[in-house]
Each structure stands twice: as C-alpha cells, then as structure tokens.
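K.L.:
sequence first, then the predicted structure, then my questions.
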Amino acid sequence: MLNELELTGRARTHVVQRDDLAAALQRDTLAAFLAMKRAAESEGFGIEIVSSFRDFAAQQAIWDRKYRGERPLYDAHGNVRKHATLTAAELIDAIVCWSAVPGGSRHHWGTEIDVIDRAAVPEGYRVRLLPEETRPGGIFHRLHQWLDGNMARFGFFRPYCTFRGGVLPEPWHLSYAPVSTGALRALTLEIFEEAVRASSILGRSIVLQRVGDLYERYVANVDAPEFPGRQSG
Ligand SMILES: [Zn+2]
C-alpha cells in the first residue's frame, strides 16, 4: 500500500525508473505493463508510454505555468481561454479540465500510463493525445480495440473513459487496478488537502477554499474497473 507521501507524489520510493521505457512505474504495474506490451507486440502493436509517474514538483510546474499564462489554457470544449480575462477562480476551473491539482494526480501513484501505438504513427505525425486518435478512423483505434479485449487480463482499465463532469475523457490513460483501486481509497480528502496546504502551488488559497469540491469532482469521480466476475470499488 502506498503511503501519504507516495500517494501525493512527494516521494518516489514506490517507483522503478526504466530508461529503456522512458518511464518510472510502481513495481507491480511495471511487471504487468511489460507482460501486456509483449502480448501486444506479438500482434504487431508497439505500445509506448508517453507519460507515467509524475511527482508533485513536475505536476506543480505544469500547474504554475498554466496559472501564470505561460502555457495555453483551454475550456472543456478545447477553445482557448484568454488568460488576462480570467479571475483566479475561473483560471483554476480552466486548468483542472486538463491538468490535475498537484497532489491529486493519479500519475503520482506510478500505476498510471498514457499509451500510444508507436507502430501506427506515420512519419512526421505529431501525436496529440486526443480522443479522435482512439476512435474509428483514428491512428490508435486498432490498439484501443485490442486494449478493449485484452487489457483487463493484465489488470488495466480506463479511469477516464466517460465524462462524469470532472476530468475530460482520456481513453489513452490506463490504470493498473490491483494497486490503483487501493490508492484511490487511501487518498482521502484530508491527505489531498494536507499536500496542497504544505505546498507553494499558485492559487493555493483558492484551491484550499474549494478543496472538497475539487476532490469530489476531479479525484474521486472516476470510472471503476469492470473486470468480469470481480467486484472492485
Ligand atoms: Zn494520463
């Protein structure tokens, strides 16, 4: 079980760095991923991780750059929001559509991976990680059909598959259920709040005012794993 510092990305004692994968992953997740990658390779897919473990500081760097307007901000429909016209509260609403509050990212756990099929990427194509890429006609559709039929036997599921009023759908984001289910249960509002309180993230006082709502909408509100014959919470 992950401890409070591991759950909130303030330790990396639970992850293994793998330079060959350009990724750091929680130990059991790494073993399951390697098995799934081998199975996919035997059917012609080149599963590649584009994002894995991210610590609190890395998440804060993303958050702070967006807060300062140094990275583009989009609303839930993908339209650009003008940084200068937004109040601090609106700014936070725009950031959380696409980026987790530091301390509340599932990527802190080392159980989460964003994946592509490298074998399907045409020369010169810039991977954008958009839902279209995973749908019929999209370059990663075949991989996602394979994942639909196979990832559960390796323990993986999609926590951001359907839009539930919080995080926008991210079908490429896979989670290793045997560890992440317990991690979600262990990451209580109190632990999340304490991590934010102890930090220097921009907009911290507003995040703390709204911490219960942010936790419910963006941390707790995810799809549950659906494994045949198994009940998970
Ligand atoms: Zn992700």
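P.N.:
Structure's in. What do you need? Residues are numbered from 1 along each chain as shown.

K.L.:
list the contacts of whichever residue of the chain sits closest to the ion.
P.N.:
For the chain, the residue closest to the ion is residue 173, as judged by C-beta to the ion, at 3.6 Å. To be clear about C-beta, it is placed using only N, CA and C from the backbone, and glycine gets the same treatment. Contact analysis of residue 173 by C-beta atoms under 8 Å, 6 or more residues apart in numbering lists 106, 112, 113, 114, 158, 159, 160.

K.L.:
where does it fall, phi/psi-wise?
P.N.:
Phi and psi for residue 173, reported as degrees, to the nearest 10, are phi -90, psi 110.

K.L.:
quick one: least confident of the contacts of residue 173?
P.N.:
The lowest pLDDT within the contacts of residue 173 belongs to residue 160, which sits at 94.

K.L.:
so is stretch 58-70 next to the ion?
P.N.:
No - applying C-beta under 5 Å from the ion, one finds stretch 58-70 separated from the ion by no less than 11.2 Å.

K.L.:
so what pairs up with the residue of the chain closest to the ion in the strands?
P.N.:
Bridge pairing for residue 173 (DSSP bridges) gives the partners residue 114.

K.L.:
separation between it and residue 63?
P.N.:
Here residue 173 is placed at a distance of 18 Å from residue 63 (C-beta to C-beta, to the nearest Å).

K.L.:
give me the longest helix you can find in the chain.
P.N.:
Longest helix in the chain by number of residues (criterion: DSSP state H): helix 27-41.

K.L.:
let me know the secondary structure of residue 49.
P.N.:
What DSSP: H, G, I helix; E, B strand; the rest coil gives for residue 49 is strand.
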